[in-house]
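Okay, predicted coordinates and the sequence, questions at the end:
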Amino acid sequence: MSSKKNYIKRKNRKSQISNCKYCGKKFLLYYSRKKNGQKYCSHACGCLSRTKKIPLMCKNCGKEFQTVPSAIKLRNPSFCSRKCSQMFSRTGEWINCLSCGLRIYKKRGRKNMKYCSIACRNKLAYKKRRTISCRFCGELTTNYWGNNMCNKCAKMRTKYGLSVENITKLYPYIQKKQCQICLEIKKDKNRRAVNIDHDHETGEVRGIVCNICNVLLSHYEKLRKTVSSDSYWPFLEDYLKNPPAQKIIKENPILHKKSPVK
């Protein structure tokens, strides 16, 4: 009897007409499929509804973006990109660099942040420094040491161990740009025309030489230790035995000398 009753119930169940939620087309919805929750007329409409993008507004930039319905169910997106979500969650403030005016983000913990980079910070620091004219070369510069000396002249004092009086005696010869070996006056303005030659063992300043003669000297000093090459370059031998710089600064000797290499 129970089987007959179930059969009658199934027979009385009628299918109904429903509208597709994607395309709006009417289709026949069977009772069995209604129980499973059919909403679309076909499998194609069901797939298209899942992939159809829904327009949303970004909370940070206000830009319109599109997303899939399944993504809304999972995470409820409110931003168009990861960058916008990170910008929205920031707790700091936007400031302008004091040097170049570039807009930069200042974190909440960095209270002393005022510049976009170390280069901008140093540039502003050099602007605040007063300009001086070097007492030896007369160059206007902000890069200076004590005693109103530019960095180039100060290097002569520290590297070669020259006193201020010795630099004043040697500087006219450096300014003239005349090599004390080949006696040629250099007219090169862009590059360093002449060099201060010194003994690497004792630290004694020997003279002012050009770049070519400086290289020649280094090769000659190596040959001098192995071969007696006096006959090849006698002018170099005279220069090494009687250094011109020592004649100029005879009255004011060098302050300190390096210890000779053993």
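Looks like it came in fine.

neighbours around the nearest residue to F79 once chain neighbours are set aside, how many?
In this structure, F79 finds its nearest non-sequential neighbour in S85, 4.2 Å apart by CB to CB, 6 or more residues apart in numbering. C-betas here are computed from N, CA, C, even on glycine. A count of neighbours around S85, defined by other CB atoms under 10 Å, yields 15.

residue contacts, S85?
Contact criterion CB atoms under 8 Å, 6 or more residues apart in numbering gives N60, S78, F79 as the residues in contact with S85.

That one belongs to a helix?
Yes. Per DSSP: H, G, I helix; E, B strand; the rest coil, S85 lies within a helix segment.

now it: how far from R75?
Applying CB to CB, to the nearest Å, one obtains 11 Å for the distance of S85 from R75.

ok so, going back, which of the contacts of S85 sits closest to C116?
N60 (22.5 Å; CB to CB).

any idea which helix is longest in the chain?
The helix that spans the most residues within the chain, counting by DSSP state H, is helix 211-226.

quick one on the thing from earlier: and the contacts of S85 as a markdown table, adding secondary structure and neighbour count?
Written out in a markdown table, the entries for the contacts of S85 read as follows (DSSP: H, G, I helix; E, B strand; the rest coil; neighbours: other CB atoms under 10 Å):
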| residue | secondary structure | neighbour count |
| --- | --- | --- |
| N60 | coil | 17 |
| S78 | coil | 13 |
| F79 | coil | 20 |
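
before we move on, the earlier item: tell me the first helix or strand C-terminal of the longest helix of the chain.
Sequence order places helix 234-241 as the next helix or strand after helix 211-226, per DSSP states H and E.

Please spell out which residues along that next one are buried.
The neighbour-count check on helix 234-241 (16 or more other CB atoms under 10 Å) flags L236, Y239, L240 as buried.

With pLDDT and distance to C182 as new columns, can those residues be given to me in JSON lines?
Conversion of these to JSON lines gives the following (pLDDT from 0 to 100; distance: CB to CB, whole Å):
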{"residue": "L236", "pLDDT": "79", "distance to C182": "10"}
{"residue": "Y239", "pLDDT": "81", "distance to C182": "10"}
{"residue": "L240", "pLDDT": "82", "distance to C182": "15"}
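
So which residues lie in contact with stretch 67-80, not counting its own?
The list of residues contacting stretch 67-80 from outside it, by CB under 8 Å, 6+ apart, reads 49-54, 56, 58-61, 63, 65, 85, 88.

try it again with 7 Å
Under the criterion CB atoms under 7 Å, 6 or more residues apart in numbering, residues 50-51, 53-54, 56, 58-61, 63, 65, 85, 88 lie in contact with stretch 67-80.
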